[in-house]
Structures are given as C-alpha cells and as structure tokens.
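Student: Sequence and computational prediction follow.
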Amino acid sequence: MTHPARWFPLALRSTFLAAVLGMVACDRKPPSATTQPAPAEPTAAVTATNAPDPHAGHGKGKGKREVTRWGVDSLDVAVDGSTIHLLLADYATNSKTPALLHLRSTDAGASWSKPARVDTGATSPLAPHRGMDAQLAVSGSKLVAIWNTAGTGFGGRGPMATALSTDGGATWQPGPNPADDGLPSDHSFVDCAADASGAFHLVWLDSRGGPKGLRYASSKDGGKTWSKNATLKPETCECCWNTLAVGADGAVHALFRDKNPRDMAVICSTDHGAHWSDPAKVGRFNWDFAGCPHVGGGLIVRGTSLHALVWTGAAGVSGAYHLSSSDQGQSWSAPQRLGDADARRGDLASTGGESLAAVWDRVGDGESAVFASASSNGGKTWSEAKQLSANGLNAAYPRIVAVAGSYRVLWTESTPGQPSVWKSAALP
C-alpha cells in the first residue's frame, strides 16, 4: 500500500504534478564550482503558450486540460566523440507549438553553437515537455530527432515524426514515421540511441491491439527507413519515459517501467536488436500502485556491465537507487539509495573505468533542486550528494553526459513569472 500523503488517485495526478513543477528550490547553498551555466544558452520566449496536458490521468476518453508552457520545456542530449548535441523545445512568442532547436558544443559544453531549427517542413510537435521530451540520437555526422504529433490518443497525442541531418545538425529535413501500424493514436515516450556500427535503435509506447506496450524499431540508413516494429513487452506502465543503452558489442538494452508491480525492468538484445531476452526487474521493490508516476530512469553500459538509476515510490523505501548487472540485466546488485527519500528523476554517466556520476532532482516539501554524486569504484560507494542548482527557483529533470574525460550536467529551471530556461554545469 502506498503512503496516502505521498500518492493520489488517478484523477488528481495532474494537479499533484502541477504543484510539483511549481515548487521552489532548497535553501541549501550550491557549491560554487558547479553552478556556472554554459555561455550562449538561449533564453526562452516571453509569451505563454497553451497545449494539451499529457500529465492528465489515463483512462477511457480523450480528455484535455489546457496548460501554460513558457520557455524551454523539453531537453535531450547526445554525445558523439568530443561533441555534445542538444535538442530543445522552445515555446516561442505567439506560438501554439514550440520550435525544436539543435545546438552543439565541441568544447565539453563550455560554449554552444547558434541554434538550428529542426522541425521546419515536418509535422508540428505536440507539447513536448520534461518527462516526454523530444528525442535526439547521433552517429558521426548523422542525427535523428523524434517527437510526438497530434492525433486521436489521450490528450490529443498521435503518431511520431522525425527529422534527419547528415551534416552534424547544421541542416535538417523531415523523415518518416518509424511506426508501421498506420494508426493515428498515441505513440510517445520515445528514446533513441545509435550503436558503434551507426545503426539507430528506437523504443516507444503505443496501444496497438490493446494496452500500452513497449515497441522497437531500428534504422541502418540514418533514419531514412525503419525496420518492422517488434513488441518487446505487450503491457507496461502507461506514461513513464524509456531509456536505451547500447554496447560496443552490438548489445541493446531498454529500461522501462513495468506494470503490476510498477518496478523498473530491463530487456536486452545481444544481436543488434534481432532477438530479445525476457524482461528482468531492476530492483524488486514490489511497488503496488494503481497509477502512473511519470518517472523513468537512467541506464548506461560500461564494458560488460550495466548500471541503472531507478526510482520507486514504494512505502518505506521511496527514493532513487543505483544498481549494476554483469549478466545482461538478468540479475542485479542490491539497490543502493542515492540522496534521501525525496530524490526522484535521475540519470547516469561514466567517463570510463570505474568512474560513475549520477544526477537527480529532489522533489519534496515544496522544494525542487538538482543534485549530483560520484563514484570512483564502479558504484560500490558514492560521494556525498551536492546541490548543483541555485536557490530560489525550480530546477528539475537533470541529464548528465560524459565527454572529453569530464562530466556535463544539463537541466531546466524556472522562477515565478519567468519563462523556463536551460542550464548546464561541469562536475569537477
């Protein structure tokens, strides 16, 4: 049974999440070495926009609730070699939909290129937002961006749309819809990653033939065509983001939130996505919760090991946990909690060897802030959590990448009466 003060019925979820996103930051001071935002960050537009609220409860019908989105409300990041690629959704002045913008950094995030418009000529994105961000993957000079468009699904969600670049993100052209079901219903919570051979791997949730399930497709030509879709798990949690991680040996791993109980699970392929294992739980918290928490997890491959950062709301053990696996995700180490019971939405990265870094946001008691911790021994022990975001604002949904032997953390933040912006900081 979940704690009544922490969880609400399905009908109240959107109200609860709206309150979470309006929280102010902790009164703890951040360390000065990790709070410098990267130069040339684009400041978001100054006019509010309205879009259907994908955070509303899931059930029968196609109800909508108008919400205000102002500024940068979607962020994804990918690294190829020494270059960081960033995809933002900026809700611009007098616009009903955001502009999707690509930026890149060749100096580990110290400076950024001018933004390039990604979605020109493509189907307009439908309300990408933190927790259901427009996605980006890169292999050399080839990039693929994916987002959700309008349709007949809950909240007006519909098919996926893509845009492709063959020149490192300088220019973009519309690409095909990777789904092969031809349905106008909801195809969302996408993640995409490229492997060492240049193939792109894609997972998402859709309800073809029944409940929401985890689907997969791949592309060997930079997103111009996609493989026949495969169902990896016919029924999953309805609205938590999925995470892909690829290994140098052709292995592909997908982290998703399962259903009954709503613990995180991983499913793996050792042959470039041709065949898949049975799902395995990543931490057996046995969280019995009749709703969707809107929280996914982080997953990376280091040699022959998998590392995951997952969140549970199970009573008495709520929080964010690191676990590792040395057998393609079939069994996992004992969960090790990072931060306190209010640590929630997290991500992982590694610069190599035994080095790991984790980030998360702390949401609780009317506060929201971004924290980080590091390990030098493969996750056996972790440093004391340090706050990265400044005080007096709402900072959330951090991402972390490893580049040029260092770590770069990115997140979005807002203050009352101001548009949401993106920030980044280097970890020492």
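Tutor: Received it, and whenever you're ready, just let me know what you need. Numbers count the residues shown, from 1 in each chain.
Student: Can you identify each of the strands in the stretch 251-400 of the chain by residue range?
Tutor: Secondary structure of the stretch 251-400 of the chain (DSSP state E, counting those that start in this stretch): strands at 252-257, 264-269, 280-281, 298-302, 305-312, 319-325, 336-338, 343-352, 355-364, 367-375, 386-387, 394-403.
Student: For the first one, enumerate the helices and strands it packs against.
Tutor: Judged by 3 or more C-beta pairs under 8 Å, 6 or more residues apart in numbering; DSSP states H and E, the packing partners of strand 252-257 are strand 200-206, strand 213-219, strand 243-246, strand 264-269, strand 298-302, strand 305-312. No exception for glycine: its C-beta is placed from N, CA and C like everyone else's.
Student: what's it in contact with?
Tutor: Contact with strand 252-257 is made by 191, 193, 195, 201, 203, 214, 216, 232-233, 236-237, 240, 242-247, 263-269, 272-273, 282, 293, 295-299, 301, 306, 308, 310, 328-329, as judged by C-beta atoms under 8 Å, 6 or more residues apart in numbering.
Student: can you do 7 Å?
Tutor: 201, 203, 214, 232-233, 236-237, 240, 242-246, 264-269, 272-273, 282, 296-297, 299, 301, 306, 308, 329 (C-beta atoms under 7 Å, 6 or more residues apart in numbering).
Student: what about A385, how many residues close to it?
Tutor: Counted with other C-beta atoms under 10 Å, residues neighbouring A385 total 18.
Student: So it sits against V370, correct?
Tutor: No: the criterion here is C-beta atoms under 7 Å, and A385 misses it with V370 at 10.4 Å.
Student: Looking at the strands of the stretch 251-400 of the chain, which is nearest to K96?
Tutor: strand 394-403 (23.1 Å; C-beta to C-beta).
Student: thought R69 was touching Y91?
Tutor: Yes: with contacts counted by C-beta under 7 Å, R69 reaches Y91, the gap being 4.7 Å.
Student: what's around the nearest residue to V282 once chain neighbours are set aside, how many residues?
Tutor: Spatial nearest neighbour of V282, excluding adjacent residues (C-beta to C-beta, 6 or more residues apart in numbering): M264 at 4.5 Å. Neighbourhood size, M264 [other C-beta under 10 Å]: 29.
Student: Next: the one 5 residues further on.
Tutor: S269 sits with 22 neighbouring residues when counted by other C-beta under 10 Å.
Student: Can you tell me how far it is from T243?
Tutor: Look at S269 and T243: by C-beta to C-beta, to the nearest Å, they are 15 Å apart.
Student: Need the helices and strands packed on strand 252-257 in CSV (columns: mean pLDDT and distance to A137).
Tutor: Formatted as CSV, those follow (pLDDT from 0 to 100; distance: least, C-beta to C-beta, whole Å):
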stretch, mean pLDDT, distance to A137
strand 200-206, 98, 6
strand 213-219, 98, 10
strand 243-246, 98, 9
strand 264-269, 98, 17
strand 298-302, 97, 15
strand 305-312, 97, 19
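Student: Mind putting those strands into JSON lines with distance to N377?
Tutor: Converted to JSON lines, the helices and strands packed on strand 252-257 look like this (distance: least, C-beta to C-beta, whole Å):
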{"stretch": "strand 200-206", "distance to N377": "30"}
{"stretch": "strand 213-219", "distance to N377": "33"}
{"stretch": "strand 243-246", "distance to N377": "21"}
{"stretch": "strand 264-269", "distance to N377": "23"}
{"stretch": "strand 298-302", "distance to N377": "12"}
{"stretch": "strand 305-312", "distance to N377": "12"}
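Student: Any idea which of those strands gets closest to R408?
Tutor: Taking C-beta to C-beta, strand 298-302 is the member of the helices and strands packed on strand 252-257 nearest to R408, at 14.7 Å.
Student: Just give the strands next to the closest one in its sheet, each with its orientation.
Tutor: Strand 298-302 has its sheet partners listed here by DSSP bridges as strand 305-312 (antiparallel).
Student: And the partner strand, what's buried?
Tutor: S305, L306, H307, A308, L309, V310, W311, T312 (16 or more other C-beta atoms under 10 Å).
Student: can you check stretch 209-223 too?
Tutor: Those would be K212, G213, L214, R215, Y216, A217, S218, S219, G222, G223, for stretch 209-223 by 16+ other C-beta under 10 Å.
Student: sorry, back to before: closest one to W411 among the strands of the stretch 251-400 of the chain?
Tutor: Using C-beta to C-beta, the nearest of those to W411 is strand 394-403, at 4.2 Å.
Student: Can you name the element that comes right after the closest one?
Tutor: Using DSSP states H and E, the next helix or strand after strand 394-403 towards the C-terminus is strand 406-414.
Student: what about G296, neighbour count?
Tutor: 26.
Student: Can you give me the neighbour number for the nearest residue to it once chain neighbours are set aside?
Tutor: Closest residue to G296 apart from its sequence neighbours, by C-beta to C-beta, 6+ apart: W241 at 3.6 Å. By the criterion of other C-beta under 10 Å, W241 has 23 neighbours.
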